[in-house]
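[1] got a structure for you, letters missing:
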Ligand SMILES: Nc1ncnc2c1ncn2[C@@H]1O[C@H](COP(=O)(O)OP(=O)(O)OP(=O)(O)O)[C@@H](O)[C@H]1O
């Protein structure tokens, strides 16, 4: 899969932009605050209908304008494909081959993308929220059933939390039958989300293990574990899992009523990265944490290929210079010739690799881009 052309209209600091890309490495060079990340974000938005750096769609609209549009002309294994996302103050609209899709789940997943930005280097040592977001974004684009259950889960969770809060603040009478009904709905979606996350993490580990071994020059062995807040495990079938989750919610009921919030479930879970039997969030060096983040990203590329039969598009936003020569080479060697890649950098100095020498170069200055 690759993007042949992107058009932007009033997107961040771009008023109008139409740019053609090659199915190879495309390098976007520019000084700070010229629009490099904005362009990467726009490419990401084209596939995911939301930004990787803000949950607020309105921020994407150019200041003082009423809407922002991102359009792309792509080529996948089935032929040409047109994608379009429009953000306005009323909301967003997506179109596939000029036809509007009412549900985002019918749009997301058409074009797969892997983004590697400096904040991804925090995947290991950052907050659990970051790792959950990573799981949800990556799984959502290759598994629409997961996306469906996840959105159900969040919808019911919000409702349940509101109910618990209202009871705590005495705005609502405590009605246990009502709580039972909402809890039952929550458990149903929670078990679906949990089962799919367990399966994804297992696959991710299978791919990441050998990649990690190679980047660490055979010295380290990586394990990736899903850490649930409820004592369920990946060998449980759905009905066993359900019983365990139900019991946990029974046990937590009084505490939840006192605290006014839902205390366990997929929204409280985490991922753990273990290298040579040590949790590297706690014990890992910065280098080990980077190697792990890179292995996970490279594993994702392979996982998407396995699941979708096509390589995703790779976005490397200001991240090459954060990796040492060996990790850089490993990354570039892996993607060479098979993955359309976008790289942003303030300078190509220090990036020595054949791939970059053969890349298409673009220069960005104040929301305008020139092909070099
Ligand atoms: N909604 C918006 N409307 C207009 N301009 C915006 C909007 N949002 C951000 N900008 C501007 O876009 C500019 C470029 O931002 P961008 O994040 O793309 O920089 P960059 O080229 O990646 O720089 P760096 O190397 O520092 O990351 C910033 O000056 C910012 O003020």
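    In hand now; what should we look at? A quick note: this is a predicted structure, and the numbers were derived from the prediction, not measured.

[2] all helices of the chain, in order?
    36-48, 128-142, 144-168, 176-215, 238-259, 280-283, 286-308, 325-335, 354-357 (DSSP state H).

[3] so for the longest one, mean pLDDT?
    Per-residue confidence for helix 176-215 averages out to 96 on the pLDDT scale.

[4] just want the most central residue of the protein.
    Nearest residue to the geometric centre of the chain (CA atoms, centre = their mean): residue 137, 3.3 Å.

[5] isn't it right next to residue 48, touching?
    Yes - the criterion here is CB atoms under 8 Å, and residue 137 meets it with residue 48 at 7.1 Å. All C-beta atoms are positioned from the backbone trio N, CA, C, and that covers glycine.

[6] among the helices of the chain, which is nearest residue 226?
    Proximity to residue 226 (CB to CB) singles out helix 176-215 among the helices of the chain, at 4.3 Å.

[7] same for that closest one, what does it pack against?
    Using 3 or more CB pairs under 8 Å, 6 or more residues apart in numbering; DSSP states H and E, the elements in contact with helix 176-215 are helix 128-142, helix 144-168, strand 222-227, helix 238-259, helix 286-308, helix 325-335.

[8] can you verify my assumption that residue 295 contacts residue 204?
    No - under the criterion of CB under 8 Å, residue 295 makes no contact with residue 204, lying 9.7 Å away.

[9] so for those two, which sits in the more crowded spot?
    residue 295 (27 against 22; other CB atoms under 10 Å).

[10] quick one: contacts for the more buried one?
    Residue 295 makes contacts with 208, 211, 212, 215, 222, as judged by CB atoms under 8 Å, 6 or more residues apart in numbering.

[11] and the third one, how close does it get to residue 327?
    In this structure, residue 212 and residue 327 are 11 Å apart, going by CB to CB, to the nearest Å.

[12] give me the common contacts of the two.
    By CB under 8 Å, 6+ apart, residue 212 and residue 327 have these common neighbours: residue 291.

[13] tell me which of the two has more neighbours.
    More crowded of residue 212 and residue 327, by other CB under 10 Å: residue 212, with 25 against 17.

[14] quick one: pLDDT of residue 290?
    Per-residue pLDDT puts residue 290 at 87.

[15] same question, residue 350
    pLDDT recorded at residue 350 is 64.

[16] my guess is residue 107 meets residue 96, correct?
    Yes - here residue 107 reaches residue 96: they are 5.9 Å apart, a contact under CB under 8 Å.

[17] ok, these two, which is more surrounded?
    The neighbour count for residue 107 versus residue 96, taken as other CB under 10 Å, is higher for residue 107 (22 against 15).

[18] for residue 104, list the residues it contacts.
    By CB under 8 Å, 6+ apart, the residues touching residue 104 are 49, 94.

[19] quick one: it from residue 132, how far?
    Residue 104 is 19 Å from residue 132, where distance means CB to CB.

[20] sorry, back to before: tell me, what's touching residue 107 and residue 96 both at once?
    With CB under 8 Å, 6+ apart as the test, residue 107 and residue 96 both reach residue 83.

[21] buried ones in stretch 159-175?
    Within stretch 159-175, the residues that qualify as buried are 160, 161, 163, 164, 167, 168, counting by 16 or more other CB atoms under 10 Å.

[22] want to throw those residues into JSON lines with distance to residue 181?
    Below are the buried residues of stretch 159-175 laid out as JSON lines (distance: CB to CB, whole Å):
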{"residue": "160", "distance to residue 181": "10"}
{"residue": "161", "distance to residue 181": "15"}
{"residue": "163", "distance to residue 181": "10"}
{"residue": "164", "distance to residue 181": "14"}
{"residue": "167", "distance to residue 181": "14"}
{"residue": "168", "distance to residue 181": "19"}
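
[23] which of these lies closest to residue 240?
    When the buried residues of stretch 159-175 are compared against residue 240 (criterion: CB to CB), the nearest one is residue 160, at 23.1 Å.

[24] for the ligand, what are the nearby residues on the stretch 1-150 of the chain?
    12-13, 30, 32-38, 59, 61-63 (CB under 6 Å from any ligand atom).

[25] and the buried ones among those, selectable in PyMOL?
    In PyMOL, a selection of the buried entries from those looks like this (16+ other CB under 10 Å):
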select buried, resi 12+13+30+34+35+36+37+38+61+62
